[in-house]
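K.L.:
what follows is a predicted protein model with its sequence.
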Amino acid sequence: MTHRQPVRVSDLHTFDTIIDARSPSEFALDHIPGAINCPVLDDDERRIVGTLFKQTGAFEARRVGGAMVAANLAVHIRERFADRPANWRPAVYCWRGGMRSSSMVTWLRLVGWDAQQLAGGYKSFRHHVVAQINMLCPRLKLQVLCGATGSAKTRVLQELAARGEQVLDLEDFACHKGSLLGSLPGVAQPSQKRFETLVVSVLDNIDIGRTLYVEGESARIGRLAVPLPLVEHMRAAPCIEIAATPQARLAYLLQDYAYLGQDAAGLADKLGFLKQQQGTATVLRWQQWAQEGNLPSLFAELMTLHYDPHYQQSQSRHFSSWSQRRQIAADDLSAKGIAAVADAIQGTP
């Protein structure tokens with residue numbers, strides 16, 4: 001077993017396991033990719049210790065908290081780590097590399113495992129995420145996929161990824177389709193920090209010299225902000241436009257957004273946000289169609305009156321190379337048609 005020494009973020013890949021010793025709610029907010037959560041204090045215990053610290057001082061908080069930490073560590077060693085071999089090497093972190101991770105490392109090392117502590121804890125990892133975004137985004141060899149709503153851009157990205165191309169699927173990480181109706185049923189968006197961690201998990205592992213395909217997103221996807229250095233580089237990158245026919249787009253939208261018909265009231269409520277842009281009479285008609293489950297009429301007018309005019313204006317305004325974009329025609333967005341679009345993209349110089 002080596003001497004106890006602080007570990008840097010860049011060294012984490014050399015360990016067998018990365019252990020997040022923070023509470024479950026902290027872990028859910030964001031964590032190092034691949035880490036497992038083994039709290040030394042759960043959320044209620046952490047709240048109790050924090051209250052004691054404020055009301056009675058550090059000694060009482062440490063006395064009560066220490067007993068809780070010991071009990072939780074005993075459970076982890078007896079149950080969670082029971083099958084770990086003698087040569088197991090875990091790296092442990094908490095919020096700042098303080099007492100929670102230090103306590104766990106001490107006990108694991110007493111058992112005989114070569115446990116080490118991440119210097120600076122999660123905060124040092126967060127600094128790594130921000131630094132990588134700032135450093136790597138301007139160097140990316142991007143190809144930006146554009147296309148009006150319903151052009152199956154995300155499915156094309158998935159097809160390219162399946163073929164071994166490098167892809168950054170921002171909507172997948174954001175758990176949102178990036179439009180007014182883009183929230184996913186029963187799926188909450190991650191925290192901003194988690195979103196950025198997922199982006200960096202891709203950037204840290206790509207070949208910077210190869211093309212990275214990304215969808216031409218706005219600066220926000222739902223309530224999440226796309227990192228500004230990435231937005232700026234996307235705006236200057238070459239664009240490929242999927243020029244799908246209205247008929248193909250409508251067919252795709254009816255399939256891709258079919259779940260909206262299962263919550264007519266919720267769909268009508270979302271459409272209400274468009275009254276200022278589209279006028280009360282138009283939105284009331286759309287809301288009536290939503291209540292009736294008439295998605296074909298609803299999506300056809302949404303395309304014509306809302307999505308398409310906004311798309312034409314925003315693309316030329318946001319993408320500096322828009323006038324030099326390459327267009328790929330598509331009159332079919334079935335699996336076969338998406339494969340044909342991917343074929344054409346891969347043939348792009």
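P.N.:
Done, it's in. Residues are numbered from 1 along each chain as shown.
K.L.:
what's the worst-scoring helix or strand of the chain on mean pLDDT in contact with?
P.N.:
Least confident helix or strand, the chain: helix 308-318 with a mean of 86, by mean pLDDT, DSSP states H and E. Contacting residues not belonging to helix 308-318 are listed as 146, 148, 149, 216, 218, 235, 239, 241, 322, 323 [CB atoms under 8 Å, 6 or more residues apart in numbering]. Every C-beta, even on glycine, is put in place using the N, C-alpha and C of the backbone.
K.L.:
please repeat the previous calculation with a cut-off of 6 Å.
P.N.:
With contact meaning CB atoms under 6 Å, 6 or more residues apart in numbering, helix 308-318 is reached by 148, 235, 322.
K.L.:
excluding its backbone neighbours, what's nearest the last one?
P.N.:
If the residues on either side of it in the chain are set aside, residue 322 comes closest to residue 316, at 5.0 Å by CB to CB, 6 or more residues apart in numbering.
K.L.:
distance of the one you found relative to residue 294?
P.N.:
33 Å (CB to CB, to the nearest Å).
K.L.:
likewise for residue 202?
P.N.:
40 Å.
K.L.:
buried ones in stretch 312-329?
P.N.:
By neighbour count on 16 or more other CB atoms under 10 Å, the buried set for stretch 312-329 is 315, 318, 319, 322, 325, 328.
K.L.:
distance check, the second one against residue 128.
P.N.:
Applying CB to CB, the value for residue 318 to residue 128 is 29 Å.
K.L.:
can you check the third one too?
P.N.:
Taken as CB to CB, the spacing of residue 319 relative to residue 128 amounts to 30 Å.
K.L.:
what does the fourth one give?
P.N.:
Plainly put, residue 322 is 34 Å away from residue 128 if you go by CB to CB.
K.L.:
can you map out the strands along the stretch 101-250 of the chain?
P.N.:
116-117, 141-146, 166-168, 211-215, 220-221, 224-225, 239-244 (DSSP state E, counting those that start in this stretch).
K.L.:
what does the first one rub up against?
P.N.:
When contacts are defined by CB under 6 Å, 6+ apart, strand 116-117 is touched by residues 7, 91, 92, 97, 101, 105.
K.L.:
mind redoing it with 8 Å?
P.N.:
Residues outside strand 116-117 that contact it (CB under 8 Å, 6+ apart) are 2, 4-7, 15, 89-93, 97, 101-102, 105.
K.L.:
and if you look at the second one?
P.N.:
By CB under 8 Å, 6+ apart, the surrounding residues in contact with strand 141-146 are 153, 156-157, 208-216, 233-234, 237-242, 315, 319, 325, 345, 348.
K.L.:
select only the buried ones of these in ChimeraX?
P.N.:
A single ChimeraX command selects the buried members of the contacts of strand 141-146 (16+ other CB under 10 Å):
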select :153,156,157,211,212,213,214,215,216,233,234,237,238,239,240,241,242,315,319,325,345
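K.L.:
quick one, helices of the stretch 51-200 of the chain?
P.N.:
For the stretch 51-200 of the chain, the helices defined by DSSP state H, counting those that start in this stretch occupy 58-75, 99-111, 121-136, 153-162, 170-174, 192-203.
K.L.:
need these in a markdown table (columns: mean pLDDT and distance to residue 340).
P.N.:
Below are those laid out as a markdown table (pLDDT from 0 to 100; distance: least, CB to CB, whole Å):
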| stretch | mean pLDDT | distance to residue 340 |
| --- | --- | --- |
| helix 58-75 | 94 | 55 |
| helix 99-111 | 95 | 52 |
| helix 121-136 | 97 | 32 |
| helix 153-162 | 97 | 10 |
| helix 170-174 | 97 | 22 |
| helix 192-203 | 98 | 26 |
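K.L.:
out of those helices, the one nearest residue 38 is which?
P.N.:
Closest approach to residue 38 among the helices of the stretch 51-200 of the chain (CB to CB): helix 99-111, 7.4 Å.
K.L.:
what's that closest one packed up against?
P.N.:
Packing partners of helix 99-111 (3 or more CB pairs under 8 Å, 6 or more residues apart in numbering; DSSP states H and E): helix 58-75, strand 90-93, strand 116-117.
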